[in-house]
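K.L.:
sequence first, then the predicted structure, then my questions.
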Amino acid sequence: MAKKDITKELEGKLFEVLPIKKTVLFPGVMMPVAVSRKNSLKLVNAAFKNNKPIVVLTQIDDSVKEPTGEGDLYSIGTYANVLQIIPVPEMGGETVMAILEGLQRIQVIDYKQGRTALKAEVTVLPEKMPLTSDKEFKATADNVRDVILNILSKQENQSKELQTTLRNVTSTPSMINYVCSLYDFSKEKKIELLQLDSLADRAMQVLKILEHDNEMQSIKADIRRRTMEQMDKQQREYFLQQEIETIKRDLGDTSAQAIRELREKAAQMLWPESVGKVFENEVQKLERLPMHSPEYSNQYNYLETVLELPWGIFTDDNYDIPHAREILNRDHYGLDKVKERIVEYLAVQRQLDLRSKKEKESNPVKSPILCLYGPPGVGKTSLGKSIAEALGRKYARVSLGGLHDEAEIRGHRRTYIGALPGRIIDSIKRCGSSNPVFVLDEIDKIGADYKGDPTSALLEVLDPEQNSTFHDNYLDVDYDLSKVMFIATANSLETVPRPLLDRMELIEMTGYLQEEKEEIAKRHLIPKELANHGLKPSQLKFKKEILGHIIDDYTRESGVRSLERQIATICRKVDTKLALNEEYHVSVTLDDVRTYLGQARFSRDSWETNKYYGVVTGLAWTQVGGEILFIETSLSSSKTPTLTLTGNLGDVMKESATLALGYVKAHAEELGIDPAVFETTAVHIHVPEGAIPKDGPSAGITMTTALVSAFTKRLVKPRIAMTGEMTLRGKVLPIGGVKEKLLAAKRAGITDIILCEENRKDVLEIAPIYLKGLTLHYVHDISEVLKEALQ
């Protein structure tokens, strides 16, 4: 207890005021106080740094944010020192714990508003201390110590440290004030105690209050004991629950209301019984947690996540097949295989929907899992939206590109800070349906590291036999994904693990043909870009030949993204001319294209004259469509016969050239070639544009024809091209990319094409309009090729 007379130190001076809530500081007591107000933080930090006393006053109304003086604060308080400042980041913001030491009771005379803090002029309230020989006071103090220790021993939640401190305090006045300051009296009672000038009177008043509390606790304990003996388990739980809710309500705790709302929502859920049991257990855990603990918010967020999932909520599929076809054709041109697969799915679902309820329950239908793979820009992702609209389902999409953490798929365990459900469950929650069309984009670009392999986690998602019980680590309960229609997209299947491919139905989406690109531009790209640039259809028009020119000379792609950018560039140029009131052609011309887009960036080969021996036109497939290429053969005298291959050829094409020369040597006499010429002739085969790598199995018959033409001095017939591989026996084998190759030949001015007989079935799948002007020659053997090709 402060013994120094500080009356003169306080007279006529202004002291900064620290307002505190819910408690009162008594002289001789060290007490921690949480400080978070901006002005209060400045005050305690300055006081601690400068060893400067302050005045501590208790707020009358705790809801007032910034007390301004009389009416907001009790006029009686304590003159105190700031002994220590402890940062408390877990309490949020810049909150600190200030350790205050009460020195002397004071009475406020007047308030002054300082620049940063409230200041007060005070006067000292002297305390009447009992004499050392006052036996009555000593007995009263001993009774206070005994009664409060008895009360604390009955309270399970009371700190053992508080009891130890009370036993070890040697100063009787300090012990009395310590009890007044730290025991759970009401704020008003503490102020009444602080107002008492006599410490003996304060001790007597404290003893009366403690005796009353002790008696009330004994009565409550006795009532509770006798009542509990008479109640069964259900009544006891109800009583305890009501008691907890009452206490929490009195303390301003709203968790009881929140928990009641959680249970009300849970009663309306359509989830399995097992999920309901887990949910109730988790709610009971929440009830046992203090509302202001970090675990409470984590547990509450988990329960809200479980409630937000669309358990048992499904959208009705639209089985109107003509309507589905109309939507698919409206949004995408071509892609017949994919569209047909969706229509087949609807037709099957329509038939299955006619089954009885018992049959549906005994043999539930699982949604197909499709994988659309092909080059960028061909409409894989956008097709998912159209499928969702055609089926009448919700749409969800997750991009898996760059994903390398397994927890992104399966979720994080709730033991981790900041745990969240996986992206699959989160997307299901967001779309609000348990049977959406779910696009897993860029499935070929998933990575793997020390955090796990996400592709392994996807095995459970994409396996129809497992995904009905998909287990998310955050939910910790099974969720049924069997009704979800998963559509994965990929540019290449080479990086997708084989077990994952085995669980999906693979549908290839090849690049668009030029004719298809022209139609897509006409139906979709031009209207879209006109709208994006504020242009009307009457202000800008594109003819078919202009679109073909843009596609040929300014783009080289499988999809139509670059084409869309070129059209957007032209729209911007026209917008600029309109803004400047300059004249322009509404219907874009070739000169306009060069003006708007610059000089042509690409060029396609076209058929050239056939006046050279050993030059044959071949056909090749690329990701951006078909191309024609020339196989050129040159013969020269040499003492050492060699075969030279140039043009950046791959291993397969090199083998085709070696095989072709071997076939010509073996059948030289049949072909009218002197076998001796091979001993003195060096052969050079070249494929132009050597900077571009070339490879593939379809140049065998082209190289053989070029060699025979060079050795026999027979020219190749005009405007003829060929594609096909051959064996050492001379048999012609089928190749792929037929549609792309035929259209490339047609664009290059070719009229006759030689194909393997087995490719006839591929030609039948091509629309007749694309074959107009072409004559196709189907062959079985290289001899038929030479007969058709050479003059």
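P.N.:
Received the coordinates, thanks.
K.L.:
correct me if wrong: Val477 contacts Glu273.
P.N.:
No - between Val477 and Glu273 no contact is recorded; they are 11.5 Å apart, counting by CB atoms under 8 Å. All C-beta spots, glycine's among them, are computed from the backbone N, C-alpha and C.
K.L.:
now do the buried residues in the top strand by length along the chain.
P.N.:
Secondary structure of the chain read by DSSP state E shows that its longest strand is strand 96-113. Of the residues in strand 96-113, those scored as buried under the neighbour-count criterion (16 or more other CB atoms under 10 Å) are Val96, Ala98, Ile99, Leu100, Glu101, Gly102, Leu103, Gln104, Arg105, Ile106, Val108, Tyr111.
K.L.:
now do stretch 740-759
P.N.:
By neighbour count, and taking 16+ other CB under 10 Å as the criterion, the buried residues in stretch 740-759 are 740-748, 750, 752-756, 759.
K.L.:
pick the one among those residues closest to Leu400.
P.N.:
Checking the buried residues of stretch 740-759 against Leu400 with CB to CB, the nearest one is Glu740 at 29.3 Å.
K.L.:
surely that closest one and Trp621 touch.
P.N.:
Yes - because the distance of 5.3 Å satisfies CB under 8 Å, Glu740 is recorded as touching Trp621.
K.L.:
list the contacts for the residue nearest to Pro436 when sequence neighbours are not counted?
P.N.:
Across the structure, with CB to CB, 6 or more residues apart in numbering as the measure, the residue nearest Pro436 apart from its sequence neighbours is Lys394 (4.0 Å). Counting by CB atoms under 8 Å, 6 or more residues apart in numbering, Lys394 makes contact with Thr315, Ala388, Cys431, Gly432, Ser433, Asn435, Pro436, Val437.
K.L.:
check the gap between Lys394 and Leu400 for me.
P.N.:
Taking CB to CB, to the nearest Å as the measure, Lys394 falls 20 Å from Leu400.
K.L.:
before we move on, what about Ala46?
P.N.:
Noted for Ala46: a distance of 56 Å to Leu400, by CB to CB.
K.L.:
residues of the longest helix anywhere in the chain that come out buried?
P.N.:
Using DSSP state H to assign secondary structure, the helix with the most residues in the chain is helix 199-230. Buried residues in helix 199-230, defined by neighbour count with 16+ other CB under 10 Å: Leu199, Ala200, Arg202, Ala203, Met204, Gln205, Val206, Leu207, Ile209, Leu210, Asp213, Asn214.
K.L.:
my guess is the third one meets Gln195, correct?
P.N.:
This means Arg202. No - assessed by CB under 8 Å, Arg202 is found out of contact with Gln195, at 9.2 Å.
K.L.:
intersection of neighbour lists for the two?
P.N.:
Taking CB under 8 Å, 6+ apart as the contact criterion, no residue touches both Arg202 and Gln195.
K.L.:
picking up where we left off before, right, and the helix or strand after the longest strand of the chain?
P.N.:
Past strand 96-113, heading to the C-terminal end, the next element that is a helix or strand (DSSP states H and E) is strand 118-124.
K.L.:
ok, Val477 and Glu273, which is more surrounded?
P.N.:
Neighbours were counted for Val477 and for Glu273 using other CB atoms under 10 Å; Val477 has more, 19 against 7.
K.L.:
show me the contacts for that one.
P.N.:
Shown here is Val477, whose contacts under the criterion CB under 8 Å, 6+ apart are Ser274, Val275, Val278, Val306, His471.
K.L.:
which stretches in the stretch 501-650 of the chain count as helices?
P.N.:
Counting by DSSP state H, counting those that start in this stretch, the stretch 501-650 of the chain has these helices, from start to end: 514-520, 526-532, 544-554, 561-579, 590-597.
K.L.:
show me what counts as buried in the third one.
P.N.:
So that's helix 544-554. By 16+ other CB under 10 Å, the buried positions in helix 544-554 come out as Ile546, Leu547, Gly548, His549, Ile550, Ile551, Asp553, Tyr554.
K.L.:
am I right that Tyr319 is in contact with Leu346?
P.N.:
Yes - taking contact to mean CB under 8 Å, the distance of 5.8 Å between Tyr319 and Leu346 places them in contact.
K.L.:
okay, and the common contacts of those two?
P.N.:
With CB under 8 Å, 6+ apart as the test, Tyr319 and Leu346 reach no residue in common.
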